[in-house]
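Student: give me the fold of what follows.
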Amino acid sequence: MPRSVRLVPMAIACVLALAPTACTGSGARSTSGGSGLGDPYFPRAGNGGYDVTHYDLTLAYTPDAPELTGTATITARATADLSSFHLDFKGMTVESLTVGGRNARWTRSGQELTVRPSSALRKGGTFETTVRYSGAPETLTDPDGSEEGWLRTVDGALALGEPVGSMAWFPGNDHPSDKATYDIAITVPNGLQAVSNGELRAETTNTAGTRTTYRWRTAQPMATYLATVAIGHYDITRTTTESGLPVYVAVDPEEAAASSKVLAKIPEIMEWEEYNFGPYPFSSTGAIVDRRGDAGYALETQNRPFFAGAPDTATLVHELAHQWYGDSVTPRTWRDMWLNEGFATYAEWLWDEDHDGDTAQQTFDALYKGDYYDNKADSEAIWAFPPARPTSAAHISDSPVYERGAMVLHKIRQTVGDARFYDIVQGWAAAHRHGNADTAEFTAYVERMAPGKDFGGIWKDWLYGDRKPAHV
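Tutor: Predicted coordinates:
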């Protein structure tokens, strides 16, 4: 993601067809799910004791109000015996909450919605939680000063979630380590459109002709931070790539002319990235382009990345590369952000190399020498901290994670040669397809893929070193 650079009544229903044991019962030990997963940078993000498998979100939004009403039905599997559990949800009013079809008690503190079912949940059981809520969703400010959550726009709204913004518009387990499938239905005043992740399953208008509902489905697992909703006026194009992959593009009319030439490259970029990174991991692709200023950054929202204003080719290549690295292979914690951004940045270098631009080696050399940027401070910022250990949550989107992360990949390429390097990047995407992975798993994978090669200096100096390496 180049940065230019809450829960209602909830019902949890036993799904006996999916779980051989009952999901509630008086015999379960009295335990409480954790109120955070202990992420190194966002320790309160996520929740313990369960794993979400599906979100079914039914939303309605009126920009003039502006109020969001929602019903979130969350299907999850208990990973422990639970007398209570937590959901991440910030702002808005919880109107009702049920677990297993029964009213549940709940309390709120900050971003934590603590749920106490009428009967304890058994480990291994599948349950549904339904939450009904309403209110004005919040815009959240990240530690780095950027805005996420629910962003009001001139003609509608935009929901962006990296790193913890999804809790502003739906309750859930808001951490990248818990991925799920999604059904998202959004009802808006007639004349507006609502774009989300996955594929559009239906578009229906009520008999009065005043409201239109858009129903989207994401069949492949998705982290909460990659979920999006974009509401407003859009020029919509539906095409396919030569291989038949659906391409759905939504562009604000004010950005249509400036965007058209670059967005027309999506099929070409997808073909190039599949050749380099392996089979595309999702069932559709595309883009959402809103007005410049609606957000301060582009984001790799799953299936169709978001852009604030017309993107250039490099940014489009970057965000589409994230569909492999970040969206399909998702970081286990926010400390592993370089596995997203280093890969996507290196994709830009490889694109340039294959399209008559600078070679990746030339880009690497310019960054190392300090003459890649005109501004000396930008050149020095690359060495502020190691890519695998950002200094705080405020810096997970800083230059070392992007540029120095890409330099780590180039050092691997130098060490193993092109043929083995592409085996590594394609194999990594395949081995962790639709899953999560961390830096230790990546370094171990590289060493397995290139036995006999010495990576100790790369890991010590380039990935974890506190200073600029003395030698290239």
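Student: do a quick rundown of the helices in the stretch 151-300 of the chain.
Tutor: For the stretch 151-300 of the chain, the helices defined by DSSP state H, counting those that start in this stretch cover 256-263, 266-277.
Student: most tightly packed of these?
Tutor: With neighbours taken as mean count of other C-beta atoms under 10 Å, the helices of the stretch 151-300 of the chain reach their highest mean count in helix 266-277, at a mean of 18. For the C-beta atoms, the positions are set from N, CA and C on the backbone; glycine is no exception.
Student: for the stretch 351-472 of the chain, which segments count as strands?
Tutor: 435-437 (DSSP state E, counting those that start in this stretch).
Student: can you show me the helices along it?
Tutor: 360-369, 376-381, 399, 405-416, 418-431, 439-449, 456-457.
Student: got JSON lines for the ones you listed, with mean pLDDT too?
Tutor: Below are those laid out as JSON lines (pLDDT from 0 to 100):
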{"stretch": "helix 360-369", "mean pLDDT": "98"}
{"stretch": "helix 376-381", "mean pLDDT": "96"}
{"stretch": "helix 399", "mean pLDDT": "98"}
{"stretch": "helix 405-416", "mean pLDDT": "98"}
{"stretch": "helix 418-431", "mean pLDDT": "98"}
{"stretch": "helix 439-449", "mean pLDDT": "98"}
{"stretch": "helix 456-457", "mean pLDDT": "97"}
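Student: can you say which of these is nearest to Phe85?
Tutor: Comparing those against Phe85 with C-beta to C-beta, the closest turns out to be helix 439-449 (27.8 Å).
Student: CSV for the helices of the stretch 151-300 of the chain, including distance to Asp290 and mean pLDDT?
Tutor: What follows is those, written out as CSV (distance: least, C-beta to C-beta, whole Å; pLDDT from 0 to 100):
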stretch, distance to Asp290, mean pLDDT
helix 256-263, 11, 98
helix 266-277, 17, 98
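Student: looking at the ones you listed, which is closest to Thr443?
Tutor: helix 266-277 (19.3 Å).
Student: can you give me the distance of Arg291 to Ala258?
Tutor: 11 Å (C-beta to C-beta, to the nearest Å).
Student: quickly list what's touching both of these two.
Tutor: Gly309 (C-beta atoms under 8 Å, 6 or more residues apart in numbering).
Student: check what pLDDT Val5 gets.
Tutor: Per-residue pLDDT puts Val5 at 39.
Student: distance check, Arg105 against Val115.
Tutor: Arg105 is 8 Å from Val115, where distance means C-beta to C-beta.
Student: same drill for these two, tell me which one is more crowded.
Tutor: For Arg105 versus Val115, neighbours defined as other C-beta atoms under 10 Å are more numerous around Val115 (25 against 12).
Student: where's that one, which helix or strand?
Tutor: Using DSSP states H and E, Val115 sits within strand 112-116.
Student: distance of Leu97 from Ala104?
Tutor: Counting by C-beta to C-beta - Leu97 and Ala104 are separated by 5 Å.
Student: neighbour count for the two, which is higher?
Tutor: Using other C-beta under 10 Å as the criterion, Leu97 and Ala104 rank with Leu97 on top: 26 against 23.
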